[in-house]
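Asker: following is a predicted model, sequence given first.
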Amino acid sequence: MRLRADNLSSLGFALGPLCWAPVSEIWGRRWGILPAMFFLGVSSIGTATSKNAASIFITRFLGGVFGSAPVSNVSAALADIWPPEARGSAVILYSIAVTGGPTLGPIIGAALLVNPSLGWRWTEYIEAIWAFTTFAVCFFALPESYSPVLLKRRAQNLRIKGVTDCYHPHERVKLDFRTVITKHFTRPLLMLVTEPMVTCIASYASFVYGILYLTLEVFPICFEEIRGMALVKASLPFLGLFIGVLAAVFINLANQPRYRQISAAAGGKPVPEARFAPVAFAGFVFVGGLFWFGWTAGDIYVSVWHPIVASGLIGAGFNVIFNQCVNVLVDTYGIYAASAVSANTFLRSFMAAGFPLVARPMLYQMGVGPAISVLGVIAGAMIVVPFLFMKYGSALRKRSKFAQI
């Protein structure tokens, strides 16, 4: 039941951005984040107090729908606040939360599960407490940052003061049901299908994200079942992933001076292709970590430190790829960044839901080494993606209907 509930949550995470990204691009970032955070807390309490499997599945699915709003819109809000040359550092810190959360969650969950006075329901109560706390802080401290909404409000205020010839095109956005559904809510899917840059970047980022969620099933098999560790101890290797995520910060920061120079040479405009050099490097790190982990984690005669260090390489490679892919989408699509990031979130959440389903059959039937090696080969084939975009990215942007540069 745990697996199916987690998959429904990931499925909600895939569908939610199709709603929250257009909301933020019509009514602003606050409306795209705050209501969802409040109802995430409500749905978490619903899961914690559920009495049967059906109610757990429903509330977990709704939790995924509501919990996806910040992932869709925070990176777009960062683009509202910081210029391209500074935004990279902000997204680096943001990505620690997005990528670090899934690596620390299993450790916290295991500790709660083995505590007889707490149990699994407290995983949801703690999530509710965190969601409501975040909602309260953001309600008072999160300003509206979406420029079309701000300019629309300014034009309306000026007209109230007697300046009759002021208006903003965002005031003319039609909000009838048909237009909202056919134009705004379908925009992320349209971009995923018709924008080659979104399609390829989302596919690459989604694959590595799916690998991260695959570890939620792989680690218990390797460390708990094969190596015989206790539940909490078997979850500690996730710290290797988290340390890798933190180490990726230095790789991402190292690219910032180079990016600022290239952006300055382009007149201060964003240059998405300058984000791909770290992705190219991280691709090799990620693949190396997969093969190292695969051929050491399932062998009880090999020191446990081998797969733990290998998981650090996986975490580092994953975070660099994820971080820079988000930056590329935000650089390229500007005011449509929320929809571009939502297209990415939609695809990677489906993979995050699907990969854990195949993890156990793959590992049991093929063995840990061969199964992880298959994924390593696929990841190796994807190494070519950043190199292609470094060469052809500019031409693709010129053909795009949504690109802002």
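Answerer: Received it, and whenever you're ready, just let me know what you need.
Asker: buried residues in stretch 159-171, which are they?
Answerer: 168, 170 (16 or more other Cβ atoms under 10 Å). C-betas here are computed from N, CA, C, even on glycine.
Asker: now swap in stretch 322-339 and tell me
Answerer: In stretch 322-339, the ones that count as buried by 16+ other Cβ under 10 Å are 322-339.
Asker: among those residues, name the ones in helices.
Answerer: Counted as lying in helices by DSSP state H, out of the buried residues of stretch 322-339, are 322-333, 337-339.
Asker: ok, the nearest residue to residue 69 once chain neighbours are set aside - contacts?
Answerer: Computed as Cβ to Cβ, 6 or more residues apart in numbering, the closest residue to residue 69 that is not its neighbour in sequence is residue 36, at 3.4 Å. Neighbouring residues of residue 36 by Cβ atoms under 8 Å, 6 or more residues apart in numbering: 16, 20, 65-70.
Asker: likewise for residue 73?
Answerer: 20-21, 24, 29, 32-33, 338, 341.
Asker: tell me which element it is part of?
Answerer: In the assignment (DSSP states H and E), residue 73 maps to helix 53-81.
Asker: what distance separates that helix from the centre of its chain?
Answerer: 10 Å (Cα atoms, centre = their mean, to the nearest Å).
Asker: the helix or strand following that helix to helix 53-81, inter-axis angle?
Answerer: Sequence order places helix 84-114 as the next helix or strand after helix 53-81, per DSSP H and E. Here the directions of helix 84-114 and helix 53-81 differ by 160 degrees (axes from the mean of the first three to the mean of the last three Cα atoms, to 10 degrees).
Asker: same for the host helix or strand of residue 309, what does it pack against?
Answerer: Per DSSP H and E: residue 309 is located in helix 305-333. Where contact means 3 or more Cβ pairs under 8 Å, 6 or more residues apart in numbering; DSSP states H and E, helix 305-333 is packed against helix 53-81, helix 84-114, helix 196-219, helix 238-254, helix 276-297, helix 337-366.
Asker: now that helix: average pLDDT?
Answerer: The average pLDDT within helix 305-333 is 90.
Asker: the residue nearest to residue 69 and residue 55, how far apart?
Answerer: Using Cβ to Cβ, to the nearest Å, we find residue 36 at a distance of 20 Å from residue 55.
Asker: ok so, going back, lowest-confidence one in the contacts of residue 73?
Answerer: residue 338 (75).
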